[in-house]
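Q: Give me coordinates for this.
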Amino acid sequence: MTISVVIPTCNRYDTIHRIIDSILKNSFLPAEIIVVDQSDNNKTNEIINKIDSKKVPIIYHQDDGKGAARARNIGWRLSNGDIVSFVDDDAIVVQNWIKSIIDTFESYNNKIGIVGGKIIAVYEDRNHEWEIPPQWSYLLPHYEQAGNIGTYLNRALPPAANYSILKELLMEMNGFNENLGPKSGSKVQIYGEDSDLTLRVMKKGYEVIYNPECVVYHPVPLERQNQEFLNKRLFSEGVTDYYIELLSHDYSLFSKIRSLVKDTSKLICLKSSQKIEDKRIYLGSKNYLLGRMYMAWRSILF
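A: The predicted model follows:
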């Protein structure tokens, strides 16, 4: 099987060379690397043109639109590989990343649709006065689970920072939902384009497999190491989770109101509870519920 690697990017001039270099250092090379650039100038293209890559074509595509989901859709539609692997523009992949992905698809079983793996947070600088609660470390992003290759545990889903999928499934599912996914300039971010696609693939009966050998290192800047980031990100998580519920279920007006009442009750109970001693967890949980309630109100009113 062959792999096309897709890298969406936007104004990441200082890291785009690093991720491409790490891919080119792999023991097994991809069929192509596709960079979809939504930057507001030509710097990324200039950097890519200087990369000496004789064995792997690097396809550059300038996109004047916005949104990670849109960029990923452009990327896979330009691809020629049997598998499309997505990775972030500020990450680094290990030298056996591509081989591990191909080996998983070829040898695990014939019903695999998606393969993910470890995402290891790398702290280039550290806020020693604050640490993210472990249950939300995936927001950094960081993800790893115990055991060997197998299905994802505890209803976890692979993040788009380390996400490989059969191209035939992307074609069948029409790719990512572009109403989801971060967009630069949006006041309220809705994430979850990767989760939404994964859930649709799973409904078709395909397996989603975690391989600990598929490792991506992802930097964690200082601006993600504080309560303000966690509150804002969990508000978006609440918005996202409710939006995906709306996509998955045909909610009536009564169902939407009932859901809003339920989340409001949870918020009231949270405020009156004496069990949450950790302020980080209290504030994070509060903002998650507020995000759900915000999206519920929007679905009722509009």
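Q: Where does pLDDT dip in the protein?
A: Applying pLDDT under 70 to the chain flags the ranges 274-277.
Q: Which segments of it make up each domain?
A: If you go by automatic domain parsing, the domain ranges for the chain are 3-224, 227-301.
Q: I'd like the ones you listed as CSV, with mean neighbour count appended.
A: Every residue, glycine included, has its C-beta placed from N, CA and C. As requested, the domains of the chain are arranged in CSV below (neighbours: other Cβ atoms under 10 Å):
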stretch, mean neighbour count
domain 3-224, 18
domain 227-301, 16
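Q: Tell me where this structure has strands.
A: In the chain, the strands defined using DSSP state E lie at 3-9, 32-37, 58-62, 83-87, 92-93, 112-122, 150-151, 162-166, 207-219.
Q: contacting residues for the closest residue to K167 other than its chain neighbours?
A: Among residues not flanking K167 along the chain, V84 sits closest, at 5.2 Å (Cβ to Cβ, 6 or more residues apart in numbering). Residues in contact with V84 (Cβ atoms under 8 Å, 6 or more residues apart in numbering) are 3-6, 75-76, 164-167, 170.
Q: which one of the residues you listed is nearest E213?
A: For those, the residue nearest E213 by Cβ to Cβ is S164; the value is 12.5 Å.
Q: That closest one pairs with what?
A: Beta bridges link S164 to S85, V115, judged by DSSP bridges.
Q: before we move on, the earlier item: what's the separation between the residue nearest to K167 and H142?
A: Using Cβ to Cβ, to the nearest Å, V84 is found at 23 Å from H142.
Q: repeat for N109
A: For N109 relative to H142 (Cβ to Cβ), the value is 28 Å.
Q: do the same with D196
A: In this view, D196 and H142 are 21 Å apart by Cβ to Cβ.
Q: same thing with I149?
A: I149 is 19 Å from H142, by Cβ to Cβ.
Q: swap in K118?
A: Per Cβ to Cβ, K118 is found 9 Å from H142.
Q: got the contact list for T264?
A: By Cβ under 8 Å, 6+ apart, the contact list for T264 reads M293.
Q: Would you mind listing the residues in contact with the nearest residue to R77 once chain neighbours are set aside?
A: Distance criterion Cβ to Cβ, 6+ apart; nearest residue to R77, sequence neighbours excluded, is G175 at 7.4 Å. Counting by Cβ under 8 Å, 6+ apart, G175 touches 69, 72-73, 76-77, 197.
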